[in-house]
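Undergrad: 3D, please:
(chains A and B)
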Protein chains: 2
Amino acid sequence: MSELRQNRATKEWIIIASERAKRPHDLKKKREEREKLPQLEPSCPFCPGNEKMTPGAIWSKKKGKKWVVRVVFNKFPALIPEGEPERQTRGFFLKMNGVGRHEVVIETPLHNRSLGVLPSAQVEEVCLAFRKRFLDLKRDKRVKMILIFRNHGESAGTSLVHPHSQIIALPLIPSRIRHHLEEAMRYYDDHGSCVFCDMIKEELSAKKRVIYHNDGFVGFHPFASRTPFETWIVPQKHDASFGNINIAFCKKMARALKSVLEKIHIRLGDPDYNLIIRTSPLKDREEDYYHWHIQILPRLTTPAGFELGSGIYITTIVPEYSAEYIKGHLPRTKRVKNKMN
Amino acid sequence: MSELRQNRATKEWIIIASERAKRPHDLKKKREEREKLPQLEPSCPFCPGNEKMTPGAIWSKKKGKKWVVRVVFNKFPALIPEGEPERQTRGFFLKMNGVGRHEVVIETPLHNRSLGVLPSAQVEEVCLAFRKRFLDLKRDKRVKMILIFRNHGESAGTSLVHPHSQIIALPLIPSRIRHHLEEAMRYYDDHGSCVFCDMIKEELSAKKRVIYHNDGFVGFHPFASRTPFETWIVPQKHDASFGNINIAFCKKMARALKSVLEKIHIRLGDPDYNLIIRTSPLKDREEDYYHWHIQILPRLTTPAGFELGSGIYITTIVPEYSAEYIKGHLPRTKRVKNKMN
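TA: Reported below is the predicted structural model:
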């Protein structure tokens, strides 16, 4: 059973999903050990040959008889596909049942290759799978919001080492996202332009934090990066929803993503990270004030009491420096590693 | 140099404090090893005899010639006491200099005893030190908000093992806190009552999530707990600001805190946790809609891409169960430990 609850003071929702308690853990290994992993791990539920260990494929892309990307139900889902998301009040308390979708995108048959070091064609397949699933999930009338994310490494919350992303389709709009939307809307009302459109224009003109640029996407370390090496990949063309992306543009996104993740992998030694695709709620897919984008947050520091208490992150590296470093304009020395601790 | 920056899209502020990069780390030890630590560690800057290793005491409580609690400047501060907090715009970008205060409360001369297992009289001294520092810091006209917090254990972000808390005095109100205040204000406007006052009334009447109750404070696992065993300690008498607390009430707070932390220590085997004192901005100290309180968040799970992306936490234990467990009404078995992974 899964349940959503709202804290009436902060308006924040949480999910209680007791089922997830049973998740397996195969990630005692350290980062350096990742490279020593086998291509195929007999006990891994995401490895080819073990398809029966996952609860049925939702979709897969095949080449010949073999799959190259495979989307399955999460075996320990945060939200359950059955039922209606009805709000229930018990006096003061507000809750609703945990209806929604929780899927896993198995990004490659290879157990030991992470997204940033996969061939470009494979990263393309992964991005196209995101698009495919988004378009399918948004047809579910109960779904209000789709979140695609990727946890890389143990400190980023991965429970299985085999490269995968996750998709959660929510029956509500989280309050934190409401606040972000409100701020973007207020900016739009003040300026008559999208804050993200303005941000990429400004970043391109300032140059110093931009680490990638192709004919569709800009990658940069934001002016107010929350963590060292935080990276945003933003489409240059305004679009509120990832769900509006077409196949050609999805391939450009893959090129940008591959390039950025590869830089992080090489220059920082395969650090743990979280990746999030931020996109508008489904009903707001045509809005002028919001602009979908990718956020990558390396886990080089630990958010602690201050971050939890204030929402303000303390970082130790200016993005102007980290951008230079990641582009390879600065020597790869111990200095940056030390800077992060 | 330290700098604050605002992300114009989300309105969230961050602090860039390059100095903090040099922080020492003595916390490679595992939890089980904590108990084997010596009472006095010759290399620890917070141990008696090493007072010269910290940048000057701000305040200390003495018994005879020895200190029992000592407050010092953070050697690697996130914010610097000198200067004026002036906002500067560079076209699109908004920043201000990182003016503020960052102090460390050394909670005991003992290197190896954490707050939850210190004698009650010592916890009282710590709470009185919090009050003392709050009252002093709020006199600084540049300070808008004071955050007291405690990081216990490596996964909670501690860089030094010797028991200590931290105080950061901010020259601004974080946007996340603004949002929390707005939500509380909206509740007040709808109901004519403080949401926290109502919450403790409801929790006391529901009983099942309450784990502590004395003549001044209620301790409970919130209905919408973000992490397993999240605990709130809320004063029953309405008060917006921790800064309004008197000495007698501060002693009651210490009793509540000691009891709750001890339960967590014993029943969960000294887990890592973050503790935060949530209080109104200084100017809002008389508000009807906000209510100061303590939040304790055990670090039994890792917030990952989903939590970062949505602000929604996924937890695996219902608070009704965790409350029973922490009170000792359920056998201490491996079951709960397993549930958390």
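
Undergrad: Regarding residue A:325, what are the backbone dihedral angles?
TA: Phi and psi for residue A:325, reported as degrees, to the nearest 10, are phi -60, psi -50.

Undergrad: Likewise for residue A:216?
TA: Main-chain dihedrals, residue A:216, degrees, to the nearest 10: phi -140, psi -20.

Undergrad: Which residues of the stretch 151-300 of chain A lie near chain B?
TA: Within the stretch 151-300 of chain A, the positions adjacent to chain B are A:151, A:154-158, A:166, A:168, A:170, A:174-177, A:179-180, A:183-184, A:187, A:195-196, A:198-199, A:202, A:222-226, A:274-276, A:278, A:295, A:297 by CB under 8 Å from any CB of the partner chain. Glycine gets a C-beta too; all of them are placed from N, C-alpha and C.

Undergrad: repeat that with 7 Å
TA: Proximity of the stretch 151-300 of chain A to chain B, by CB under 7 Å from any CB of the partner chain, involves residues A:151, A:155-157, A:168, A:174-177, A:179-180, A:183-184, A:187, A:195-196, A:198-199, A:202, A:222-224, A:226, A:274-276, A:278, A:297.

Undergrad: Filter those down to the ones in strands?
TA: Counting by DSSP state E, these place A:151, A:168, A:274, A:275, A:276, A:278, A:297 in strands.

Undergrad: Just put the residues you listed in JSON lines and tack on distance to residue B:56.
TA: Listed next are these as JSON lines, based on distance: CB to CB, whole Å:
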{"residue": "A:151", "distance to residue B:56": "43"}
{"residue": "A:168", "distance to residue B:56": "50"}
{"residue": "A:274", "distance to residue B:56": "39"}
{"residue": "A:275", "distance to residue B:56": "44"}
{"residue": "A:276", "distance to residue B:56": "43"}
{"residue": "A:278", "distance to residue B:56": "44"}
{"residue": "A:297", "distance to residue B:56": "36"}
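
Undergrad: Which one of these is nearest to residue A:237?
TA: residue A:278 (16.1 Å; CB to CB).

Undergrad: Now do the same contact list for the nearest residue to the closest one once chain neighbours are set aside.
TA: With sequence-adjacent residues excluded and distances taken as CB to CB, 6 or more residues apart in numbering or on different chains, residue A:278 is closest to residue A:293, at 5.6 Å. Applying CB atoms under 7 Å, 6 or more residues apart in numbering or on different chains to residue A:293 gives the contacts A:196, A:232, A:233, A:234, A:235, A:278.

Undergrad: measure residue A:33 to chain B for me?
TA: Going from residue A:33 to chain B by CB to the nearest CB, to the nearest Å gives 18 Å.

Undergrad: same deal with residue A:83?
TA: Look at residue A:83 and chain B: by CB to the nearest CB, they are 18 Å apart.

Undergrad: SS state for that residue?
TA: Three-state call for residue A:83 (DSSP: H, G, I helix; E, B strand; the rest coil): coil.

Undergrad: okay, now it: neighbour count?
TA: 14 (other CB atoms under 10 Å in any protein chain shown).

Undergrad: do the same with residue A:68
TA: Residue A:68: 18 neighbours (other CB under 10 Å).

Undergrad: Is it correct that it is in contact with residue A:61?
TA: Yes - using CB atoms under 7 Å, residue A:68 is in contact with residue A:61, at 5.2 Å.

Undergrad: Show me whatever sits in contact with both of the two.
TA: Contacts common to residue A:68 and residue A:61, judged by CB under 7 Å, 6+ apart, are residue A:125.

Undergrad: what residues are up against residue A:331?
TA: Counting by CB under 7 Å, 6+ apart, there are no residues that residue A:331 touches.

Undergrad: Distance check, it against residue A:267.
TA: Residue A:331 sits 11 Å away from residue A:267, going by CB to CB, to the nearest Å.

Undergrad: Same question for residue A:103.
TA: Distance, residue A:103 to residue A:267, by CB to CB: 31 Å.

Undergrad: Mind checking which of these two has more residues around it?
TA: Per other CB under 10 Å, whichever of residue A:103 and residue A:267 has more neighbours is residue A:103, with 22 against 17.

Undergrad: in the sheet, who's paired with that one?
TA: Beta-bridge pairing for residue A:103 (DSSP bridges): residue A:73, residue A:167.

Undergrad: my read: it touches residue A:73, true?
TA: Yes - between residue A:103 and residue A:73 there is a contact under CB under 7 Å: 6.2 Å.

Undergrad: what's the overlap in contacts for these two?
TA: Joint contacts of residue A:103 and residue A:73 (CB under 7 Å, 6+ apart) are residue A:58.

Undergrad: list the contacts for residue A:229?
TA: Here residue A:229 is in contact with A:221, A:264, A:268, A:298, A:300, A:322, A:326 (criterion: CB under 7 Å, 6+ apart).

Undergrad: Can you add pLDDT and neighbour count and give the residues you listed back as a markdown table?
TA: Below are these laid out as a markdown table (pLDDT from 0 to 100; neighbours: other CB atoms under 10 Å in any protein chain shown):
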| residue | pLDDT | neighbour count |
| --- | --- | --- |
| A:221 | 95 | 28 |
| A:264 | 94 | 21 |
| A:268 | 91 | 21 |
| A:298 | 95 | 23 |
| A:300 | 88 | 22 |
| A:322 | 93 | 28 |
| A:326 | 95 | 23 |
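
Undergrad: can I get those in TSV with secondary structure?
TA: Below are the contacts of residue A:229 laid out as TSV (three-state DSSP):
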residue	secondary structure
A:221	coil
A:264	helix
A:268	helix
A:298	strand
A:300	coil
A:322	helix
A:326	helix
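
Undergrad: about what we covered before: any idea which of the contacts of residue A:293 is the one closest to residue B:81?
TA: residue A:232 (33.1 Å).

Undergrad: Now for the closest one, how many residues are close by?
TA: For residue A:232, the number of neighbouring residues by other CB under 10 Å comes to 24.

Undergrad: Many thanks, we can stop here.
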